[in-house]
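>>> Build me a structure from this.
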Amino acid sequence: MDLSQHIRRGARYWADSPAILHRDRTVTFQQLDERSSRLANALLGLGLVKGDRVSIQSRNCAELVEIECALYKAGLTKAALNPRFTASEASDVVGNCTPLVMIAGAGFENYSSETPGFGSVRHFVSLAGSHPGYVAYEDLLAQGSPVAPTVDISPDDIAVLHFSSGSTGKIKAAMQSYGNRLACLRKFLISGEPTVPGDRLALLGPVTHATGMFMQPFLYSGGTLVVFDKFDPGQFLRSVEELRITNVFMVPAMINMILAHPDLGRYDLSSLKSLNYGAAPMAPSRIIEAWERIGPILSQGYGGAETTSGVLRLSRADHAYAIAHRPERLASCGRAIGEADVRVVDADGREVSGDDIGEIVVRGDDVFKGYWGEPGLTDEVLIDGWLHTGDLAKVDEQGYVYLVDRKKDMIISGGFNVYPTEVETVLYQHPAIYEACVISVPDERWGESVKAVVALKPDASATGEDLMSFCRARLADYKLPRSFDFVDELPKNPSGKIARKVVREPYWQGMERRVN
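Numbers count the residues shown, from 1 in each chain. Model (predicted):
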């Protein structure tokens, strides 16, 4: 199994073409191949062997692409920390996965073998040059041969430990094998929008998460990765015009920021041919606004670390058809793609249809191998070869899946099930709403009641009574928010999703029992 073959082939096909653009730096396909081979050999020269973990923590930069390619070549396991992890979270995940090497970007060189959780680390590497206790990244590369190493890798060897965002509790490490990653590559190439040499993909979010899943398929096709340190809507709009960016992946919160930017209409976005979004539901009304104001280029994916990226897709053609003929389909996250078998089943494992709600389960080569060091948790989600996602959904007569909510997010009020996403979808139709998060709060009579915490658009105004009246015309009575709180901004987790657990927590402090 050779996940890096396309990197060597790219060096031959498009040697002097840019593989990576970051700030004022260009890395060609030839340079990417050579530099990743040097790093792979240098790491093996430190005594690492197939399966050893290498941890990385850095803001987005060109080196993160080189590192992933190098680890594929060396048969090592990437354990990348989100740059937004706290020191405590970093200690927790590093102590769990016990890496032998820690590669740190600028501002993250404060770790040592004395740092809690970092006792396994033998070598510390700095991407930002010389630093006490760290070897400089460029010095390490200089120690390695430019000839790719030969390592015998099997499909079940672990390629990546993908750490969850922690929005539901303890941070988990999803084990993605080399076979999983190869299945993911096939999936993108079979089911995604066609990429051709010269296309340019904007990497806006941390490449440790969903954004990074687009890197290898894009390189495979000769496209260029345009790496952004962080997401700034104004900078992105300028870069689309100046660099003629063609493709981008965004979480819904990013699209909201683009739509709210006062200069959106000033920039030439005609080069954009694909805007993929995912990682969280997006209100149909916001989808239509993005389609009209950014361009008819949207597609959506559903999946996660446990499925090695998306397994359902609502394509650009699906969006166009839905807007013209079936607007309710914009609430769907699409149909199965690639080789994955995706079903929506009830508690007895029978497939549901119509208005019945079931859990999304997945089987296939892209389903992960379990959670690192958590066999009990693995057994809870991998049952008879099926991944049980914990996501509740409906499915229509043509196989389109409609996400309802997470099992753990469901509110039970007075014996009725209320799904926060359904209520949020209605709130997003109100012209004053910028962001909304629906949660449960304690209620002596009903056990739980529905609360909406909302942020309004700049210069917009609305009262709780306004929003209650708006919802009453669109929702059954038992689904209505009983109260509204207004905030300037809703908290986000490291992936950019609204952190429902953080929003909910203050309302349940001091309660002996967390209802539901």
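
>>> S221: what's it in contact with?
L189, P194, T195, V196, P197, D199 (Cβ atoms under 8 Å, 6 or more residues apart in numbering). The way it works is simple: take the backbone N, C-alpha and C, and place the C-beta from them, glycine included.

>>> Now do the residue lying closest to T378 once chain neighbours are set aside, the pLDDT please.
The spatial neighbour of T378 that comes closest, neighbours along the chain excluded (Cβ to Cβ, 6 or more residues apart in numbering), is G370 at 3.4 Å. G370 is assigned a predicted lDDT (pLDDT) of 97.

>>> residues in contact with the residue positioned nearest the centre of the chain?
Relative to the mean C-alpha position of the chain, the nearest C-alpha, by Cα atoms, centre = their mean, is the one of A210, at 2.7 Å. Going by Cβ under 8 Å, 6+ apart, A210 touches F249, V251, G278, A279, S309, S495.

>>> what about the third one, distance to R313?
Taking Cβ to Cβ, to the nearest Å as the measure, G278 falls 9 Å from R313.

>>> would you turn the contacts of S221 into CSV with neighbour count, distance to Y478 and pLDDT?
CSV is the format used below for the contacts of S221 (neighbours: other Cβ atoms under 10 Å; distance: Cβ to Cβ, whole Å; pLDDT from 0 to 100):
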residue, neighbour count, distance to Y478, pLDDT
L189, 14, 46, 92
P194, 9, 47, 88
T195, 23, 47, 93
V196, 9, 52, 95
P197, 13, 55, 96
D199, 20, 49, 97
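
>>> so which of those comes closest to H319?
Distance to H319, by Cβ to Cβ, is smallest for P194 among the contacts of S221, at 16.9 Å.

>>> circling back to that earlier point, now do the shared contacts for G278 and R313.
Jointly contacting G278 and R313 under the rule Cβ under 8 Å, 6+ apart are Q300, G301, Y302.

>>> Now, those that are in strands?
Those of those mapping onto strands are Q300, G301, Y302, per DSSP state E.

>>> Generate a PyMOL selection restricted to the buried subset of those.
Only the buried members of these enter the following PyMOL selection, criterion being 16 or more other Cβ atoms under 10 Å:
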select buried, resi 300+301+302
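
>>> can I get the ones in strands among the shared contacts of G278 and R313 in JSON lines with pLDDT and distance to V93?
JSON lines is the format used below for those (pLDDT from 0 to 100; distance: Cβ to Cβ, whole Å):
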{"residue": "Q300", "pLDDT": "94", "distance to V93": "29"}
{"residue": "G301", "pLDDT": "93", "distance to V93": "25"}
{"residue": "Y302", "pLDDT": "92", "distance to V93": "25"}
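
>>> Adding distance to G234, write the ones in strands among the shared contacts of G278 and R313 out as a markdown table.
Formatted as a markdown table, those follow (distance: Cβ to Cβ, whole Å):
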| residue | distance to G234 |
| --- | --- |
| Q300 | 25 |
| G301 | 26 |
| Y302 | 29 |
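
>>> Now do the buried residues in stretch 81-96.
Going by neighbour count (16+ other Cβ under 10 Å), the buried part of stretch 81-96 is L81, N82, P83, R84, F85, E89, A90, S91, D92, V93, V94, N96.

>>> give me the low-pLDDT residue ranges for the stretch 351-500 of the chain?
Residues of the stretch 351-500 of the chain meeting the criterion pLDDT under 70: 414-416, 445, 495.

>>> Would you mind giving the domain segments of this protein?
As assigned by automatic domain parsing, the chain contains the domains 5-153, 186-406, 412-508.

>>> start to end distance for the second one?
What that stands for is domain 186-406. Start to finish, the residues bounding domain 186-406 are 28 Å apart (Cα to Cα, to the nearest Å).
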